[in-house]
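A.B. asks: Got a sequence here, can you build the structure:
(2 chains)
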Amino acid sequence: MSSTSVPKGTRDFLPDQMSGRKFLLNLLEELFQRHAFLPIETPSMEKIDTLLGKYGEEGDRLIFKVLNRGDRLSRALSSICSQSDIAVKETNSLADAALRYDLTIPFARFISQHRNDLHFPFKRYQIQPVWRADRPQKGRYREFVQCDVDIIGSSSILNELELIQITGEAFSSLGLSDVIVKINHRKLLEGIVTETGTNVPFQKITIVLDKWEKIGLEAVKNELSQAGMKEKEIEVLIRYVHQNTSINSIQTLPSNQMIEAGCSELEQILDWADKYCKVKVELDLKLARGLDYYTGIIIEAIHPEFGSSILGGGRYDNLTGMFGLPGVSGVGISFGADRIYDLLSLKRLLPESPFNRKSVLILNLGAEPEWMIRAASLIRESDAVADIYPDESKLKKQMKFANDKGFDFVVFMGAKERSEGTLKIRNMQSGDELELKSDELSTFFKK
RNA sequence: GUGAUCAUAGCUCAGUUGGUUAGAGCACCAGAUUGUGGUUCUGGGGGUCGUGGGUUCAAAUCCCAUUGGUCACCCCA
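C.D. replies: Numbers count the residues shown, from 1 in each chain, chains lettered A, B, ... in the order given. Predicted coordinates for the structure are as follows:
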């Protein structure tokens, strides 16, 4: 017998879960549309070269590669097997394609390819699954849905503001009022690191800083020193980064070009966010984000009752350059739909009804089928959900079915009702019953 | 890639120093109730104790291996 389980880190979704997921995804999509973003989709697979080398060395390891088929595979295998040592490079000849790791790189590829068919600045949203060959754990899946909104072809920080507005609108309409948006600026961070005079790579330092909340100040100092920073450099770095959580305090930083550029953008964004965004926005100089391609403002959203971030994003100045379209700046964010769903379900903020509107089950009491068919049509015309129980089963069984399935009403259409020219409707929650004339059916379930 | 931990019914779990026929709750099915569900009562079905091997008169229990799940690190939505 074949196994009934699904691969590690992937899941089935039952109808009960799907109604919550649809609710979330529909809400986000509708919000994106109101902000004039347009939808696109890209294939689940990209050519392997499109993805490799874009996410740092850790990222490359987490990309799912798709094995070649047929002769190409046989040739690659025999070439590898004939060698005494299998070079890592050779394994790439086994795969020409890989599953997408995020939606941002495919988007950059998409923009470069279709540059002549698009109007810039171009605002797109994209809601699709991505795959990562990670070890699954709480809030971490190997297949998960990202909801990306990006604006490409404009350097204005009006775009950053809009993305934070969308973040605030999304979480407040979902009922997640405790979400905190943390922001930082890659240039500012880089400027600070420059001021320390260290020759340790910027990327290495930011990753350590990012762990601050988790491991504490002393451990951060330790790791920085292990990374090769001198004690004096660490001291300077910590002094600048430590406790700089208000816009006033970052103005006390030394001035160089990068710091000034970063500061003025952050200052503007924080001021606007305070006035126009429905979410708490905090400056956090420790926020780094591992993805290499960010160059300006970076943002991340967290919730105090959830261990990992539920949204991430930032500005990238030259993503399309790798695909032959240089000098185009973009900024975008990605909602982690699966994590947000988990959080909503933890906080019981998802709608309970599996049908997204009033729902009615017509009980089968052996009445003339066409009478029930007409009744169902009338109910559906009034925009409610209608279903006819197909078999003339015991009433108890049908009632239990209606109850378990979550129908709001059942309709009795039996011999008694037929002779009186009426229908009996029972509210499944209150137990109230009332009689209606057949032609009142279409208006009863309206609104 | 590194580390920890767990695996008994569809689900959540009990199961004593190894010792009769492996239990409970929930869920499911049937009846009490032949036109009324969600409450109650009664009864019923359902397990090769993850898999393979070993120790023993005897293994869910002890040993070894293996597979799978979960959690953490790394990194990230």
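
A.B. asks: In which helix or strand does A:Phe171 reside?
C.D. replies: Element membership for A:Phe171, per DSSP states H and E: helix A:158-173.

A.B. asks: wait, does that helix contact RNA strand B?
C.D. replies: No. Shown here: helix A:158-173 not in contact with RNA strand B (Cβ under 7 Å from any atom of the strand), separated by at least 11.3 Å. Every residue, glycine included, has its C-beta placed from N, CA and C.

A.B. asks: Just want the angle from the helix or strand just after that helix to helix A:158-173.
C.D. replies: Using DSSP H and E, the helix or strand that directly follows helix A:158-173 along the chain is strand A:180-185. With axes from the mean of the first three to the mean of the last three Cα atoms, to 10 degrees applied, the angle from strand A:180-185 to helix A:158-173 works out at 170 degrees.

A.B. asks: Pairing partners for strand A:180-185, with directions?
C.D. replies: Strand pairing for strand A:180-185, determined by DSSP bridges: strand A:280-283 (parallel), strand A:297-302 (antiparallel).

A.B. asks: wait, doesn't A:Gly139 sit right on A:Ser309?
C.D. replies: No. The criterion here is Cβ atoms under 8 Å, and A:Gly139 misses it with A:Ser309 at 9.4 Å.

A.B. asks: Now the residue of the stretch 151-300 of chain A found nearest RNA strand B: which helix or strand?
C.D. replies: Closest to RNA strand B within the stretch 151-300 of chain A is A:Gly290: 1.4 Å, counting by Cβ to the nearest atom of the strand. Element membership of A:Gly290 [criterion: DSSP H and E] is none; it lies in no helix or strand.

A.B. asks: right, and it touches A:Val208 too?
C.D. replies: No. Counting by Cβ under 8 Å, A:Gly290 stays clear of A:Val208, with 11.5 Å between them.

A.B. asks: of these two, who's got more company?
C.D. replies: A:Val208 (24 against 14; other Cβ atoms under 10 Å).

A.B. asks: what separates the nearest residue to the more buried one once chain neighbours are set aside from A:Glu190, distance-wise?
C.D. replies: Excluding the flanking residues, the one nearest A:Val208 by Cβ to Cβ, 6 or more residues apart in numbering is A:Glu223, at 4.6 Å. A:Glu223 sits 19 Å away from A:Glu190, going by Cβ to Cβ, to the nearest Å.

A.B. asks: With A:Met413 instead?
C.D. replies: Going from A:Met413 to A:Glu190 by Cβ to Cβ gives 73 Å.

A.B. asks: for the helix holding A:Phe171, which positions count as buried?
C.D. replies: Residues A:159-171 are the ones in helix A:158-173 that count as buried (16 or more other Cβ atoms under 10 Å).

A.B. asks: Show me what it is packed against.
C.D. replies: helix A:15-34, strand A:143-152, strand A:180-185, helix A:257-276, strand A:297-302, strand A:311-316, strand A:330-336 (3 or more Cβ pairs under 8 Å, 6 or more residues apart in numbering; DSSP states H and E).

A.B. asks: Run through the residues that contact A:Lys123.
C.D. replies: A:Lys123 makes contact with A:35-38, A:149-151, according to Cβ atoms under 8 Å, 6 or more residues apart in numbering.

A.B. asks: Would you mind listing which of those residues are buried?
C.D. replies: By 16+ other Cβ under 10 Å, the contacts of A:Lys123 give A:37, A:149-151 as buried.

A.B. asks: can I get those in TSV with pLDDT and distance to RNA strand B?
C.D. replies: As requested, the buried ones among the contacts of A:Lys123 are exported to TSV (pLDDT from 0 to 100; distance: Cβ to the nearest atom of the strand, whole Å):
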residue	pLDDT	distance to RNA strand B
A:Phe37	98	18
A:Val149	98	12
A:Asp150	98	12
A:Ile151	98	17
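
A.B. asks: Return the member of those nearest to A:Met322.
C.D. replies: Using Cβ to Cβ, A:Asp150 comes nearest to A:Met322 of the buried ones among the contacts of A:Lys123, at 15.8 Å.
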